[in-house]
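Peer 1: coordinates only, sequence not included:
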């Protein structure tokens, strides 16, 4: 399944930048590639930079990294529910509240890398276990409809979006 196969009725326009940033990629291949590349990127960040924020009121690098983890966990949960044909509308989540209670600025780089690897391995296992029919199922979260397969690409594109921001504004 490729990102360019997604139809516009599978996700809200809010998520379009996360799809567009990927170009034409295959989902499991991209998830796996990022599992290797992203920890290498994290390891290259100096430990003393983790608490750096590029402007007042902006998140620190550590907070951005925890946000990536939180979001992937949420996307993964939504994908599981929708794949199992659970039609219960799911609420959104307030990313700022999540960060406020995350303790991100006291988490070591090593633990962030370990958490990322565990979360991403779980994401890969989930999407690898789904058949075509399950990947095409849809559900509602944050008041909008989205497909299971779109959620997989959200994980990839959201991470890439924030990696680019870290490179451009923090390092």
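Peer 2: In hand now; what should we look at? Since we're looking at a predicted model, the values are computed, not measured.

Peer 1: so residue 161 is in which element?
Peer 2: In this assignment (DSSP states H and E), residue 161 forms part of helix 148-165.

Peer 1: other SSEs contacting that helix?
Peer 2: Applying 3 or more CB pairs under 8 Å, 6 or more residues apart in numbering; DSSP states H and E, one finds that helix 148-165 contacts helix 16-20, helix 27-44, helix 61-83, helix 109-128, helix 132-136. Heads up, the C-betas are built off the backbone N, CA and C, glycines and all.

Peer 1: the third one vs helix 148-165, what angle?
Peer 2: For helix 61-83 against helix 148-165, the angle between stretch directions is 170 degrees (axes from the mean of the first three to the mean of the last three CA atoms, to 10 degrees).

Peer 1: can you give me how far the next helix-or-strand element following helix 61-83 is from the chain middle?
Peer 2: Scanning forward in sequence from helix 61-83 by DSSP H and E, the next helix or strand is helix 95-100. In terms of CA atoms, centre = their mean, to the nearest Å, the centre of helix 95-100 is found 15 Å from the chain centre.

Peer 1: go on, stretch 29-46?
Peer 2: Relative to its chain's centre, stretch 29-46 lies at 13 Å (CA atoms, centre = their mean).

Peer 1: numbering from 29 from now on, please.
Peer 2: All set: I'll call the first residue 29, so the last point we hit is now stretch 57-74.

Peer 1: name the residues of it that are buried.
Peer 2: Within stretch 57-74, the residues that count as buried by 16 or more other CB atoms under 10 Å are 58-59, 62-63, 66-67, 70, 73.

Peer 1: same question for stretch 39-52.
Peer 2: Residues of stretch 39-52 classed as buried by neighbour count (16+ other CB under 10 Å): 39, 43, 46-47, 49-50.

Peer 1: so where's the protein shaky on pLDDT?
Peer 2: Applying pLDDT under 70 to the chain picks out no residues at all.

Peer 1: apart from its neighbours in sequence, what residue is nearest residue 60?
Peer 2: residue 152 (6.2 Å; CB to CB, 6 or more residues apart in numbering).

Peer 1: quick one: contacts for that neighbour?
Peer 2: Shown in contact with residue 152 (CB atoms under 8 Å, 6 or more residues apart in numbering): 56, 59-60, 63.

Peer 1: redo those residues as JSON lines? Include distance to residue 92.
Peer 2: What follows is the contacts of residue 152, written out as JSON lines (distance: CB to CB, whole Å):
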{"residue": "56", "distance to residue 92": "25"}
{"residue": "59", "distance to residue 92": "20"}
{"residue": "60", "distance to residue 92": "23"}
{"residue": "63", "distance to residue 92": "18"}
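
Peer 1: perfect, I'm done here.
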